[in-house]
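[1] I would like the atomic coordinates for the input below:
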Amino acid sequence: MAVDSTARQTLNILVVDDETNIRKTLSLCLESEGHEVAAVSNFGDALAEVSRRSFDLAFVDLRLGASDGMDLIPRLLASTPWLKVIVITAYSSIETAVEAMRRGASDYLPKPFTPAQVKMAVSKVAEVRSLEQRLAHLQEELGRSQPDTDFSSANHQMQRAVHLARQVASTDATVLLREESGTGKTVLARQIHAWSRRASKPLGIISCPALSPELLESELFGHVKGSFTGAVRDNPGRIAACEGGTLLLDEISELPLPVQPKLLRFLQDREYEHMGDNKSRQADVRIISATNVDLEKAVQTGRFRDDLLYRLNVIQIEIPPLRERPEDLELLAEKILAFFGRKYHRPVIGFTGEALEALKHYSWPGNVRELRNAIERAAILCQTDRVGIERLLGKLTPASNVPRIGDAVSLAKIEEEHIRRVIASSKSLQEAADTLGIDQATLWRRRKQYGI
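    Below you'll find the model as predicted:
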C-alpha cells in the first residue's frame with residue numbers, strides 16, 4: 001500500500017538559541033505543524049539532548065553566549081549522522097553561510113525570519129528525510145533476490161493470522177511472530193510495518209544468530225568510539241536509526257543472555273545506553289520479534305528470561321506451515337514461478353498437471369522458503385513454457401511416502417527423513433546441526449550417508 005509520507009512528515013526537532021523569545025516562537029510555530037520540539041539555550045544542553053534521543057532537524061543559533069554555534073554543528077552530526085542543521089543568526093553574511101555549510105549545515109536562515117520561511121525550510125527537510133528513508137527501503141528491496149510471500153489465502157488459519165496482523169498494525173503493541181522456519185515471518189513483519197502509522201519511518205531488521213554477543217549489542221544499541229576492540233568510530237545503533245519506525249528482531253531466541261535485560265529495559269521504559277557510555281537515551285521504536293523456537297522451553301532451560309518473554313508476547317501471531325495450507329499451494333507456486341520467469345527471462349507460463357500434483361503432495365518441511373528454492377531451480381532449468389515433473393523429481397518426496405513414528409520402517413529411515421526436514425527448514429547447516437544436537441562434522445557424515 002503506497003503511503004504519502006511527505007505530506008504530513010512528523011519530525012523530531014531541536015532548537016538551540018540563547019534568546020527566550022526565539023525559542024518560544026520557533027517552538028510554537030513548529031508544534032503547530034505537528035512536530036516534536038525540544039528547545040535549549042546553550043551548547044552543553046544541546047549535546048545533552050542529542051545524547052538522550054534522536055533528532056531529524058536542528059535549528060542552531062551561531063551566537064550562543066560565550067560559545068560559537070559553528071563548533072556545535074559537527075558535534076551534533078557526529079552524534080546523529082542523518083541530522084539536518086539549519087543555521088539561524090542575526091549576523092548573516094556570505095562568509096558565515098559558506099562556513100556553516102562547510103561544517104555540515106544544510107540551510108541558513110537570517111534573523112528576523114517569518115513563520116512562512118520557517119515552515120518552508122522544515123518542509124524541505126521533511127521531503128529530504130522522506131526521500132532518504134524511501135531510498136534506503138528501495139535499496140534493501142533491490143538487494144533481495146526472492147519474491148515476497150503472498151498473504152492472500154483461502155486457508156482459515158492463514159486468514160486469521162493476517163487479519164490479526166492488520167488489527168495490531170494500527171497500534172504500537174509489541175508483536176511476537178511464531179512458527180516454523182520458512183513460513184514468512186519476516187515478510188509478515190514488513191507488512192505490519194507497511195500497514196502501520198509508522199510506514200513512512202524506517203524499518204530495521206536484525207538477525208540475532210548472525211552476530212556475536214558484542215556485535216549484536218552494538219548493532220542494537222550503538223557504541224561510542226573505543227568502547228571495544230575495533231570500535232574506531234561512534235555508531236548510533238539500529239534503535240536510533242529506526243526512530244519513529246519499527247525494528248524486527250529475527251530469531252529472538254538467539255538473543256544472548258547479557259543483552260536480554262537491556263532489551264527488556266528498552267521495552268519497559270524506551271530507554272537504553274550506547275556501549276561504553278552511561279548516558280540514558282530514549283527512542284520511539286516499535287519492536288516486532290520472530291522465532292521458530294519454543295520460548296517457554298527456552299525459559300525453563302534458563303536460555304531466555306521469562307520477564308522478557310512476557311514483554312515480547314503482548315500479541316502473538318502464529319503462521320501456519322505450508323503443509324497445512326494445501327488450498328493455497330497452486331496459486332502460490334504459480335506466482336513464484338512468474339517471478340523467477342521474469343527474473344531469469346525464461347519462457348515458463350505454468351506447470352504441467354503431473355508437476356502440480358507432485359507439488360501438492362509434497363510435505364514441504366522447509367515451507368515457503370523451500371517451495372521458492374524448488375521453483376527457482378525448475379525455472380532456471382526449464383526449456384519449455386511449462387515446468388514438467390522431470391524438473392522437480394529428485395527434489396520432492398510425496399508426503400504419502402514420508403515415514404512416521406511408529407510406521408514399520410527402520411530407525412535409519414526415520415533419522416534420514418528427520419535430518420532432511422531439519423536441513424530444509426534451517427537457514428544454515430550450523431543451525432541444522434544445533435537443532436539436531438550434533439556437530440557439523442557428524443551432520444556432514446549423515447548427509448553423505450543418506451545422499452542429502
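[2] Tell me the spacing between the closest residue to P320 other than its chain neighbours and E127.
    In this structure, P320 finds its nearest non-sequential neighbour in Q157, 4.1 Å apart by CB to CB, 6 or more residues apart in numbering. Any C-beta I mention is one placed from the backbone N, CA and C, and that applies to glycine too. In this view, Q157 and E127 are 42 Å apart by CB to CB, to the nearest Å.
[3] ok, back up a step: and the pLDDT at the residue nearest to P320?
    Looking at Q157, its pLDDT stands at 90.
[4] and it, what element?
    Per DSSP states H and E, Q157 falls inside helix 156-169.
[5] which stretches of this structure aren't confidently modelled?
    Applying pLDDT under 70 to the chain flags residues 1-8, 92, 136-150, 393-405, 424-425, 427, 451.
[6] now do 50
    Applying pLDDT under 50 to the chain picks out residues 1-7, 143, 397-400.
[7] for this structure, longest helix please?
    helix 115-142 (DSSP state H).
[8] now for that one, which elements pack on it?
    Here helix 115-142 touches helix 20-31, strand 84-89, strand 107-110, going by 3 or more CB pairs under 8 Å, 6 or more residues apart in numbering; DSSP states H and E.
[9] N235: which of the ones you listed is closest?
    strand 84-89 (20.0 Å; CB to CB).
[10] just to revisit the earlier point, ok, and what's touching the helix holding Q157?
    151, 153, 175, 188, 191-193, 195-196, 315, 317-320, 324-325, 328 (CB atoms under 8 Å, 6 or more residues apart in numbering).
[11] how much space between E127 and D56?
    12 Å.
[12] more neighbours, those two?
    Counted by other CB atoms under 10 Å, E127 and D56 do not tie: D56 has more neighbours, with 24 against 14.
[13] Excluding chain neighbours, what is closest to that one?
    That would be L11: by CB to CB, 6+ apart, it lies 4.2 Å from D56.
[14] Got phi/psi on that neighbour?
    Note on L11: backbone dihedrals following degrees, to the nearest 10 are phi -110, psi 150.
[15] Counting neighbours, what do you get for it?
    Neighbours around L11, by other CB under 10 Å: 20.
[16] Who are the contact partners of it?
    H35, E36, D56, L57, V122, V125, A126, R129.
[17] What is the neighbour count of the residue lying closest to T384 once chain neighbours are set aside?
    Ranked by CB to CB, 6+ apart and with sequence neighbours excluded, the top spatial neighbour of T384 is P347, at 7.2 Å. By other CB under 10 Å, 11 other residues sit near P347.
[18] Surely P347 and D385 touch.
    Yes - P347 lies in contact with D385 (CB atoms under 8 Å); the separation is 5.1 Å.
[19] Enumerate the positions of the helix holding Q157 that are buried.
    For helix 156-169, a neighbour-count test (16 or more other CB atoms under 10 Å) marks M158, A161, V162, L164, A165, V168, A169 as buried.
[20] so which helix or strand takes in T229?
    Per DSSP H and E, there is no helix or strand for T229.
[21] ok, residues contacting stretch 433-449?
    E415, H418, I419, V422, I423, S426, L429, Q430, A432, I452.
[22] repeat that for 10 Å
    181, 209, 254, 292-293, 412, 415-416, 418-423, 425-426, 428-430, 432, 452 (CB atoms under 10 Å, 6 or more residues apart in numbering).
[23] List the ones among these that fall in helices.
    Going by DSSP H, the helices hold 412, 415-416, 418-423, 425, 429-430, 432 from the contacts of stretch 433-449.
[24] Any chance of these in TSV with neighbour count as columns?
    Formatted as TSV, those follow (neighbours: other CB atoms under 10 Å):
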residue	neighbour count
A412	11
E415	15
E416	19
H418	15
I419	20
R420	18
R421	19
V422	19
I423	22
S425	22
L429	13
Q430	13
A432	21
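[25] Return the member of these nearest to E354.
    Of the ones in helices among the contacts of stretch 433-449, the one sitting nearest to E354 (CB to CB) turns out to be R420, at 22.7 Å.
[26] tally of neighbours for A441?
    The burial count for A441: 9, using other CB under 10 Å.
[27] Ok, S170 next?
    For S170, using other CB under 10 Å, the count is 11.
[28] all helices of the stretch 251-400 of the chain, in order?
    260-269, 295-300, 306-312, 326-344, 353-361, 367-381 (DSSP state H, counting those that start in this stretch).
[29] Turn these into TSV, including distance to L216 and mean neighbour count.
    As requested, these are exported to TSV (distance: least, CB to CB, whole Å; neighbours: other CB atoms under 10 Å):
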stretch	distance to L216	mean neighbour count
helix 260-269	10	16
helix 295-300	17	15
helix 306-312	15	18
helix 326-344	32	17
helix 353-361	38	17
helix 367-381	23	20
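[30] Would you reformat the ones you listed as JSON lines and include distance to F113?
    Below are the helices of the stretch 251-400 of the chain laid out as JSON lines (distance: least, CB to CB, whole Å):
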{"stretch": "helix 260-269", "distance to F113": "38"}
{"stretch": "helix 295-300", "distance to F113": "54"}
{"stretch": "helix 306-312", "distance to F113": "45"}
{"stretch": "helix 326-344", "distance to F113": "52"}
{"stretch": "helix 353-361", "distance to F113": "65"}
{"stretch": "helix 367-381", "distance to F113": "55"}
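[31] Between the ones you listed, which one is closest to S200.
    The nearest among these, by CB to CB, is helix 260-269 at 22.4 Å.
[32] Need the phi and psi values for E36.
    Backbone phi and psi, for E36 under degrees, to the nearest 10, turn out to be phi -90, psi 130.
[33] how much space between it and E243?
    10 Å.
[34] who has more neighbours, these two?
    E243 (20 against 16).
[35] so which strand or helix has the more buried one?
    Per DSSP H and E, there is no helix or strand for E243.
[36] just to revisit the earlier point, which neighbours do P347 and D385 have in common?
    G341.
[37] Pull the number of nearby residues for the nearest residue to E271 once chain neighbours are set aside.
    Nearest residue to E271, sequence neighbours excluded (CB to CB, 6+ apart): S280, at 5.0 Å. Neighbour count of S280, defined by other CB under 10 Å: 13.
[38] for Y272, same thing?
    Y272: 20 neighbours (other CB under 10 Å).
[39] I'd like the distance between it and R281.
    6 Å.
[40] try R129
    In terms of CB to CB, R129 sits 20 Å off from R281.
[41] likewise P321?
    Taking CB to CB, one finds P321 at 40 Å from R281.
[42] coming back round to it: highest mean neighbour count out of the helices and strands packed on helix 115-142?
    strand 84-89 (a mean of 24; mean count of other CB atoms under 10 Å).
[43] send the alpha carbons of that one over as CSV?
    Extracted in CSV, the C-alpha atoms of strand 84-89 (Å, rounded to 0.1, in the frame of the first residue of the first chain):
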residue,chain,number,x,y,z
LYS,A,84,19.9,18.2,9.2
VAL,A,85,21.1,21.5,10.6
ILE,A,86,19.6,24.9,9.8
VAL,A,87,21.7,27.8,11.0
ILE,A,88,19.9,30.9,12.3
THR,A,89,21.7,34.2,13.0
